[in-house]
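>>> Model the following, please.
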Amino acid sequence: MSMQLLFMHQFESLVDDSSNVAGPYEFLGTLLIALQFVFTFMILIGKWKIVRLVSPFLAAIFGGSAFVVYYLNQTSVGNTLDIKVLIFTGAGLVYGLAIGFWRIHKELEFQRLRKSAKEAAARTHGSKT
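Model prediction:
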């Protein structure tokens, strides 16, 4: 089974209605959802700090793009929209942004604490001399 058919099968399994007609952007939508998954897992297993900081925003971008592509794909051929797919792709946008801003906030807080610890250590070391 080719990769395109595998992704399309997984994407179509979210939609229960068998009367849906494949739209012109079917492969693009499945590719965007696959990229959303990849960047979601990179949040969890990213080795470098920059990867863990950037991945939530990339997951949000690809989740939002998949949301728009799914909407355009289904409405262009007259299919009804399935709420499960809309929630799934829209959630990628929401959690990607939420996790991304939280990670940046925590990183800035950590850097402020590290800077204040260095200053306190310098003051303590300077007063003993």
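>>> who touches residue 91 in this structure?
residue 63 (CB atoms under 8 Å, 6 or more residues apart in numbering). Yep, even glycine has a C-beta here, placed from its N, CA and C like the rest.
>>> Return the backbone torsion pair for it.
Backbone torsions for residue 91, taken as degrees, to the nearest 10, come to phi -70, psi -30.
>>> hmm, who's touching stretch 107-120?
For stretch 107-120, the external contacting residues (CB under 8 Å, 6+ apart) are 49, 53.
>>> repeat that for 7 Å
Here stretch 107-120 makes contact (CB atoms under 7 Å, 6 or more residues apart in numbering) with residue 53.
>>> so who does the nearest residue to residue 25 once chain neighbours are set aside touch?
Closest residue to residue 25 in three dimensions, ignoring its sequence neighbours and counting by CB to CB, 6 or more residues apart in numbering: residue 73, at 4.2 Å. Contacts for residue 73 (CB under 7 Å, 6+ apart) come out as 23-26, 29.
>>> Can you say which helix or strand has residue 73 in it?
helix 49-76 (DSSP states H and E).
>>> May I see the buried residues of that helix?
Buried positions in helix 49-76, judged by neighbour count with 16 or more other CB atoms under 10 Å: 52-67, 69-71, 73-74.
>>> just stretch 31-39 next, same as before
Here stretch 31-39 shows 31-36, 39 as buried, counting by 16+ other CB under 10 Å.
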